[in-house]
Each structure stands twice: as structure tokens, then as C-alpha cells.
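Chemist: Pasted the sequence and its predicted model underneath.
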Amino acid sequence: MFSENVVNLTIVHPWMTFEEAHLLMKWSYFKNLPQRGKFGDNTFMTLMSIDYGMFQWQTKEWIEERIEKAKKQFGM
């Protein structure tokens, strides 16, 4: 699912590189990971799906802000 979402993001947003799409999904994973321990896998997967959906329809500017946050978080 994770790699399929990465590829689909690059299709929806032709300006986005594979690395940027992967970084967004990685950022979403680590952002939502604490919820997995509290509420279980279903909630975790739901939150990841919500983020993925938002990444699909949000503006380029909004997504670029998230990419910058992810780069800072992962020291890139």
C-alpha cells in the first residue's frame, strides 16, 4: 500500500518527485505512529489513509509546506 500511494501521488501531482512523495508518506507514518500503540492498527491505517487523501487534493503550496516540514524532521 505504501509504495502504491507514493507512485499514485506522483501521478496526481506531476511536479512531485518520487522522493518527495515517499518523504510525505514517511512523514505521515511517523506522525501517526503513536496512535497505533494507543488505538490499534485500524486507527493507524485510517489516519494514514486520511493523510494520503489530503495529499491528493491539496494545493501545491500546501504540499510543499509539508515536504519542507518533513525535510526538517528527517534532517534533509
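Modeler: Nice, I can see it.

Chemist: which stretches of the chain form strands?
Modeler: In the chain, no segments count as strands under DSSP state E.

Chemist: hey, which helix is longest across it?
Modeler: For the chain, the helix with the greatest residue count under DSSP state H is helix 18-39.

Chemist: mean confidence for it?
Modeler: Taken as a whole, helix 18-39 has a mean pLDDT of 90.

Chemist: by contact count, what packs against that helix?
Modeler: Contacting helix 18-39 under the criterion 3 or more C-beta pairs under 8 Å, 6 or more residues apart in numbering; DSSP states H and E are the following elements: helix 2-12, helix 41-57, helix 60-73. Placement of C-beta: from N, CA and C, glycine included.

Chemist: how near is the residue nearest to Thr43 when sequence neighbours are not counted to Met48?
Modeler: Computed as C-beta to C-beta, 6 or more residues apart in numbering, the closest residue to Thr43 that is not its neighbour in sequence is Gln35, at 5.6 Å. Gln35 sits at a distance of 10 Å from Met48 (criterion: C-beta to C-beta, to the nearest Å).

Chemist: between the two, which one's more packed in?
Modeler: Remark: of Gln35 and Met48, Met48 carries more neighbours, 21 against 15, as counted by other C-beta atoms under 10 Å.
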